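J.: Coordinates only, no sequence provided:
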């Protein structure tokens, strides 16, 4: 998973540059998992379950949080072996046949424990998508799929909450922009009647969520595919039926 650290002179990408791929990822989830399976993720990962007590032993805590993600995604036979190493990315997972999966976390997490849940949300989602056989071609689009799936299925709010900025520095996890994370979370909120805003500890995350929610609400208010070809309208109608079945 990509992680970005920098100063205010090197700004985080903002807005909705990947929106087409994000929307395709949501559609792909419904097609591959079925609306009934998507509905089974009604409850998000709870903040209390992924928080780190200052007194908690590091490796035991990491295994505990990894277990939370495994259980949330209903992967009872997926064992996570988590280690730390120096690397550019935030984290990495080896996708083999299982049942053990090896996750590596950047050594910075030894002293930045509050973001371990965000890193594991992304990496364990890679395992889940690997298990169900859902992938997009190309590294970039597949990572966008993973971020989108995490946000839509209840663990990815942690990735947005890891977005923080101050006068001297900034941090962002994942491949979606903060606003795109907000957009997906707002789509999920509409489906389940859930408000993730109450969990955000980052003011920047809350702001990005509200911007994403505005676009999601605009989607509902505008006539879809007003100038589209007949074939695109037909495809949209089919995809919309899938989405509505999931929200019924």
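T.: Arrived safely. Keep in mind that what you see is a predicted model, and the values were worked out from it rather than measured. Numbers count the residues shown, from 1 in each chain.

J.: can you tell me how far residue 158 sits from residue 68?
T.: 11 Å (CB to CB, to the nearest Å). C-beta: built from backbone N, CA, C; applies to glycine.

J.: In terms of neighbours, single out the busier of these two.
T.: The residue with the greater number of neighbours, taking residue 158 and residue 68 and applying other CB atoms under 10 Å, is residue 158; the counts read 30 against 19.

J.: ok, now which ones touch the more buried one?
T.: With contact taken as CB atoms under 8 Å, 6 or more residues apart in numbering, residue 158 is in contact with 45, 50, 117, 118, 121.

J.: and stretch 151-160, average pLDDT?
T.: For stretch 151-160, the per-residue pLDDT values average out at 98.

J.: Please verify my assumption that residue 132 contacts residue 29.
T.: No. The criterion here is CB atoms under 8 Å, and residue 132 misses it with residue 29 at 9.5 Å.

J.: For the protein, which segments are assigned as strands?
T.: In chain order, the chain shows strands spanning 3-6, 79-85, 91-94, 100-106, 164-165, 170-173, with DSSP state E as the criterion.

J.: circling back to that earlier point, okay, residue 132 and residue 29: which has more neighbours?
T.: Summary of the neighbour comparison: residue 132 and residue 29, criterion other CB under 10 Å, with residue 29 having more neighbours (25 against 14).

J.: what ranges of this structure fall below the confidence cut-off?
T.: Filtered on pLDDT under 70, the chain yields the residue ranges 2-10, 223-237, 239-240, 242-248.

J.: hmm, back to that, can you name the two of the contacts of residue 158 that sit furthest apart?
T.: Using CB to CB, the pair of the contacts of residue 158 lying farthest apart is 45 and 118, separated by 10.4 Å.

J.: ok, back up a step: would a markdown table of the strands of the chain with mean neighbour count and distance to residue 35 be doable?
T.: Formatted as a markdown table, the strands of the chain follow (neighbours: other CB atoms under 10 Å; distance: least, CB to CB, whole Å):
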| stretch | mean neighbour count | distance to residue 35 |
| --- | --- | --- |
| strand 3-6 | 15 | 33 |
| strand 79-85 | 15 | 28 |
| strand 91-94 | 19 | 28 |
| strand 100-106 | 19 | 28 |
| strand 164-165 | 18 | 35 |
| strand 170-173 | 22 | 29 |
